[in-house]
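[1] just the structure for this:
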Amino acid sequence: MEVSHTVETEELMTCLQIQLYHPQQASRALYRMLPLETRHKLQAEDPVRLGRDAQACTFVLADPRVSRKQLSLQAYRTSNSPDMLFSVQNLSQKGRVTVNGFELGFLERAELPGKALIRFGEYEMLIRRENGEAKGSFEVEFGVLAVPPSREMGMAVPNMVPVMDTGSDLSTNGIPPLMSQGPMEMDETIMYQSGRALLP
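    Next comes the predicted model:
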């Protein structure tokens, strides 16, 4: 791994901007082994592994709850695109990895679009691809986000308890709380309470 200094005479390299978020990142040094805010040049044929094992991974998260080898990013090309593309593979036998909401099982792969949200454990990784011209290498740049990227992408984890328009939850034995007390307002529709119709 080498630090990249882009010079105008060099080909522009594809860059994966990887921004991380963890709810406890402020109180724990989870990213102390990552090269933050620095671009690193990598060979396109080599997979980029992320996990907690410094011997097996290209980049390391200092967290015992992360798998030894959590995931891998692999560059590839197709005959119908000039761009360097990437796939992600789940390397964890026990840990769950999702890509834009789709779960990957152990050793399953998914193509990464130009912008992707990867989740594993409590981590969220927002990956953006900046296309370049170089064919044999690419760059990776890590950063830290102050808020979960799932909010930006509209993929926040939904509430487990449904919420009515009134803001009340439906946790009263499956009967909306307002309905268990009788309807608050009536209109032209038929309302039901305790199995009998209430007519306006």
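[2] give me the neighbour count for Ala146.
    7 (other CB atoms under 10 Å). In this view, the C-beta of every residue, glycine as well, is placed from N, C-alpha and C.
[3] now do the contacts for it.
    With contacts taken as CB atoms under 8 Å, 6 or more residues apart in numbering, Ala146 has the following neighbours: Tyr21.
[4] which of the helices or strands spans it?
    Under DSSP states H and E, no helix or strand contains Ala146.
[5] any idea how far Leu85 is from Leu112?
    Separation of Leu85 from Leu112 (CB to CB, to the nearest Å) stands at 7 Å.
[6] tell me which of those two has more neighbours.
    Shown here are Leu85 and Leu112; by other CB under 10 Å, Leu112 has more neighbours (20 against 17).
[7] confirm for me that that one is in contact with Arg129.
    Yes. The pair Leu112 / Arg129 is scored as a contact, 7.0 Å apart, by CB atoms under 8 Å.
[8] what do these two both touch?
    Residues touching both Leu112 and Arg129 (CB under 8 Å, 6+ apart) are Phe86.
[9] dig out what Glu103 forms beta bridges with.
    Thr98 (DSSP bridges).
[10] roughly how far apart are it and Arg119?
    9 Å.
[11] could you do Ser137 as well?
    When distance is defined by CB to CB, Ser137 is 28 Å away from Arg119.
[12] try Ser79
    Ser79 is 32 Å from Arg119, where distance means CB to CB.
[13] look at those two and report which has more neighbours.
    Counted by other CB under 10 Å, Ser79 and Arg119 do not tie: Arg119 has more neighbours, with 21 against 4.
[14] looks like the more buried one contacts Phe102 (just checking).
    No. Using CB under 8 Å, Arg119 is not in contact with Phe102; the gap is 10.5 Å.
[15] may I see the buried residues of the helix or strand containing Lys41?
    Here Lys41 sits within strand 39-43, counting by DSSP H and E. Neighbour counts using 16 or more other CB atoms under 10 Å place Arg39, His40, Lys41, Leu42 of strand 39-43 among the buried residues.
[16] kindly report the same for stretch 89-108.
    Gln89, Asn90, Leu91, Ser92, Gly95, Val97, Thr98, Val99, Leu104.
[17] per-residue confidence averaged over that stretch?
    The pLDDT scores in stretch 89-108 average 95.
[18] tell me how far Asp69 lies from Gln24.
    Not Asp; residue 69 is Lys. Lys69 sits at a distance of 22 Å from Gln24 (criterion: CB to CB).
[19] tell me which helix or strand in this protein has the weakest average pLDDT.
    helix 177-180 (a mean of 41; mean pLDDT, DSSP states H and E).
[20] so Glu141 touches Leu42, yeah?
    No. The pair Glu141 / Leu42 is not scored as a contact, 11.1 Å apart, by CB under 8 Å.
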